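> no sequence for this one, just the structure:
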């Protein structure tokens, strides 16, 4: 399970794509009656099937991404982490199951 805080302009569709889950899974998990009307700041549950990777000393976004056949840009976007920053040791990164 992952918690996602809705940002302005996001939709169930865009959030589902971000986490590689079906829209219906998000709608059912959150009992969303009106999927077209998400609220900015709303916390929703994402039923994920991926894994988490904890950053170790010496890791970079690029080195972690390569382990999971991703680009550093994809990894940064999935985790809403600035690509220009080095990830701190202990940071938890989400890796979707399709990339395992």
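That came through fine. These numbers come from a predicted model, not from an experiment.

> Residue 22 is in contact with residue 13, isn't it?
No. Judged on CB atoms under 8 Å, residue 22 makes no contact with residue 13 at a distance of 10.4 Å. Where C-beta positions appear, they are placed from N, C-alpha and C, glycine not excepted.

> got a list of what the spatially most central residue of the chain touches?
By CA atoms, centre = their mean, the chain has its centre lying nearest to residue 78, at 4.2 Å. Residue 78 is in contact with 18, 19, 70, 93, 94, 95, 96, counting by CB atoms under 8 Å, 6 or more residues apart in numbering.

> From residue 33, how far off is it?
28 Å (CB to CB, to the nearest Å).

> One more: residue 19?
Separation of residue 19 from residue 33 (CB to CB) stands at 21 Å.

> Those two: which is more packed in?
Neighbours were counted for residue 19 and for residue 33 using other CB atoms under 10 Å; residue 19 has more, 18 against 7.

> Please state the backbone phi and psi of the more buried one?
Main-chain torsions, residue 19, degrees, to the nearest 10: phi -100, psi 10.

> List the residues that contact the residue lying closest to it once chain neighbours are set aside.
Nearest residue to residue 19, sequence neighbours excluded (CB to CB, 6 or more residues apart in numbering): residue 46, at 4.8 Å. By CB under 8 Å, 6+ apart, the contact set of residue 46 is 1, 2, 3, 4, 15, 19, 21, 26, 29.
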